[in-house]
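1. no sequence on this one, just coordinates:
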């Protein structure tokens with residue numbers, strides 16, 4: 001099926017809108033995902049600050065508790081005297097106040113004589129800091145002790161300004177409860193990593209993933225506390241590493257599933273985008289279809305129809321533009337072209353008519369020269385016959401022959417003159433009248449029968465039942481005369497001519513066929529041109545040209561076919577529309593023969 005330009009344009013625009021809508025959907029979705037990622041990254045950075053503030057607050061709490069404890073005389077006396085019972089009592093009381101998970105006291109030699117800690121396996125050997133020399137100020141750090149990470153604070157126990165009586169270690173354990181509280185504060189999963197190994201986590205699935213460990217080791221250490229986007233399996237995660245103290249391999253990883261955060265939001269937004277995009281696309285398509293159907297398609301169809309009429313030669317119908325845009329301008333150009341073609345056609349017709357008239361006049365000039373030459377022969381014959389009559393040559397017996405010769409020569413000159421006048425005038429007017437065609441042509445054939453019989457040339461006529469046709473009978477009879485005269489002059493005794501009428505749904509055909517010598521091939525193509533003659537001793541060569549024109553004026557066609565030594569076959573075809581009533585059968589199997 002052939003699509004019109006308007007329909008192709010509609011399909012193209014529809015496809016463009018759909019593709020554009022899909023592209024816009026994914027671009028907007030990407031922008032939303034980027035903005036959400038940036039937003040969540042800022043939240044993780046804020047969570048890192050919250051985590052840092054939380055640890056700072058706990059350190060401050062521990063420091064405050066230690067300051068209170070170190071200002072207690074009973075505690076200082078117990079440490080100085082090495083009284084483990086009193087020191088243990090004070091430690092237990094202090095631990096309840098500050099909610100510490102680890103409390104250890106050592107004397108100046110490093111011997112631990114009092115301690116208190118939350119349930120768990122903590123040995124003295126697992127406290128390497130106890131055996132080191134403490135500075136004379138409080139020191140805070142993180143340490144991994146027997147499978148747990150502790151946030152600890154160490155301080156010397158001083159008697160007076162500089163005398164050190166012992167050492168003190170206090171700490172909070174970073175356990176699962178603490179991690180879940182931090183998760184609630186930060187909105188992120190919390191992973192505690194020690195020596196590239198996850199030792200605590202708020203999410204079992206994430207903590208058991210070996211990829212997390214590898215990704216944590218691959219984080220850019222040149223960008224501390226920077227948010228990184230990493231893929232874990234089929235999900236994207238935001239990672240931020242929070243180092244626990246300088247010089248340690250302990251860190252806290254803030255992990256946030258980007259997909260878990262984005263999918264619900266993007267799903268809702270995607271639904272709105274899809275609905276909005278579909279609504280906008282449908283509306284745009286409907287508007288474009290309405291516009292193209294009302295404007296573009298109608299204008300193009302009108303131009304196509306106008307072009308078809310122009311190509312068919314129908315230039316009478318004006319083309320009115322439907323709009324003042326490019327299509328309207330094109331319609332105006334088409335109409336200008338139509339008027340130009342109409343003017344040119346009229347000009348060409350006028351010029352052609354003038355050219356034909358000029359050629360006709362030139363032909364008349366040539367014919368006049370030929371006529372003057374041709375008139376010499378009949379005028380000489382007339383002169384001789386008159387001279388013979390004047391002197392009484394031959395007596396009464398020859399008088400009739402001389403008179404008949406004069407009459408024939410005069411008629412010959414009249415025919416030549418009539419041919420000249422008819423061709424020169426080029427008159428196209430027809431005097432159409434309803435006549436019985438079969439009978440009309442029969443009389444015309446019979447008019448030639450006497451002279452055919454004298455020369456012993458057969459003349460036959462076949463026709464169907466009578467019917468009425470609207471023709472100019474005088475001109476049609478003249479065509480038959482020309483054809484029969486030409487055949488008579490071309491044939492010798494013993495030959496024959498057949499005039500036959502045949503009918504079909506489209507034409508009435510009048511055939512004139514002879515069995516004479518035929519028309520030479522070099523003349524056959526030009527036989528209907530003026531002054532072309534063959535096998536005739538008399539005539540101007542205009543008979544067939546005039547006959548061809550008469551048949552053409554009736555809307556018909558005169559054609560000829562001939563084979564050497566097989567005679568000539570002329571066919572005069574008249575349109576069936578000339579038949580008024582009494583149409584004969586299409587095939588003539590048996591007709592009237594004369």
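-> Here it is on my side, so go on. Treat the numbers as computed from the prediction; the structure is a model and nothing was measured.
2. could you pull out the helices in the stretch 201-350 of the chain for me?
-> Here the stretch 201-350 of the chain has its helices, by DSSP state H, counting those that start in this stretch, at 204-207, 210-218, 258-291, 297-311, 326-391.
3. does residue 77 touch residue 83 like I think?
-> Yes - Residue 77 lies in contact with residue 83 (C-beta atoms under 8 Å); the separation is 7.4 Å. Bear in mind the C-beta positions are built from the backbone N, C-alpha and C, glycine included.
4. in the sheet, who's paired with residue 568?
-> Assessed by DSSP bridges, residue 568 has beta-bridge partners residue 562.
5. so what's the residue count around it?
-> Here the number of neighbours of residue 568 (other C-beta atoms under 10 Å) works out to 26.
6. look up how far residue 440 lies from it.
-> Going from residue 568 to residue 440 by C-beta to C-beta, to the nearest Å gives 23 Å.
7. now residue 398
-> Using C-beta to C-beta, residue 398 is found at 39 Å from residue 440.
8. repeat for residue 498
-> Residue 498 is 18 Å from residue 440, by C-beta to C-beta.
9. what of residue 347?
-> Relative to residue 440, residue 347 is positioned 41 Å away (C-beta to C-beta).
10. what about these two, which has more around it?
-> Neighbour totals were compared for residue 347 and residue 440, and residue 440 leads with 17 against 10 (other C-beta under 10 Å).
11. what residues are up against the more buried one?
-> Taking C-beta atoms under 8 Å, 6 or more residues apart in numbering, we find residue 440 in contact with 473, 476, 477.
12. ramachandran angles for it?
-> When read as degrees, to the nearest 10, the backbone of residue 440 gives phi -60, psi -50.
13. and the pLDDT for it?
-> pLDDT, residue 440: 92.
14. so what's residue 88 up against?
-> By C-beta under 8 Å, 6+ apart, residue 88 lies in contact with 114, 115, 116.
15. mind checking the pLDDT average for the helix or strand harbouring it?
-> Residue 88 is part of helix 84-98 when elements are defined by DSSP states H and E. Confidence over helix 84-98 (mean pLDDT, whole number) is 74.
16. quick one: low-confidence parts of the stretch 201-350 of the chain?
-> 204-225, 231-234, 245-248, 259-263, 265-266, 270, 289-298, 322-324, 326-327 (pLDDT under 70).
17. moving C-terminal of the helix or strand containing residue 409, what's the next helix or strand?
-> Take DSSP H and E as the rule and residue 409 turns out to sit in helix 395-425. Following helix 395-425 in sequence order, the next helix or strand is strand 433-436 (DSSP H and E).
18. partners of that next one in the sheet?
-> Strand pairing (DSSP bridges) places strand 433-436 next to strand 468-471 (antiparallel).
19. what lies in contact with the strand it pairs with?
-> With C-beta under 8 Å, 6+ apart as the test, strand 468-471 has contacts from 432-437, 508, 554, 574, 578-582.
20. buried ones among these?
-> 435, 437, 508, 554, 574, 578, 579 (16 or more other C-beta atoms under 10 Å).
21. in the helix or strand in which the fifth one is found, what's buried?
-> I take that to be residue 574. When elements are defined using DSSP H and E, residue 574 is found to belong to strand 568-575. Across strand 568-575, burial judged by 16+ other C-beta under 10 Å covers 568, 569, 570, 571, 572, 573, 574.
22. dump these to JSON lines, plus pLDDT and distance to residue 251.
-> Below are the buried residues of strand 568-575 laid out as JSON lines (pLDDT from 0 to 100; distance: C-beta to C-beta, whole Å):
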{"residue": "568", "pLDDT": "91", "distance to residue 251": "119"}
{"residue": "569", "pLDDT": "93", "distance to residue 251": "116"}
{"residue": "570", "pLDDT": "94", "distance to residue 251": "117"}
{"residue": "571", "pLDDT": "95", "distance to residue 251": "113"}
{"residue": "572", "pLDDT": "94", "distance to residue 251": "115"}
{"residue": "573", "pLDDT": "94", "distance to residue 251": "110"}
{"residue": "574", "pLDDT": "94", "distance to residue 251": "113"}
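23. out of these, which is nearest to residue 185?
-> Nearest to residue 185 among the buried residues of strand 568-575: residue 573, at 109.0 Å, using C-beta to C-beta.
24. residues near residue 345, how many?
-> 12.
25. in this structure it contacts residue 315, no?
-> Yes - in this structure, residue 345 is within contact of residue 315 by C-beta under 8 Å, at 6.8 Å.
26. quick check: end-to-end length of stretch 554-565?
-> Distance across stretch 554-565, first residue to last, is 32 Å (C-alpha to C-alpha, to the nearest Å).
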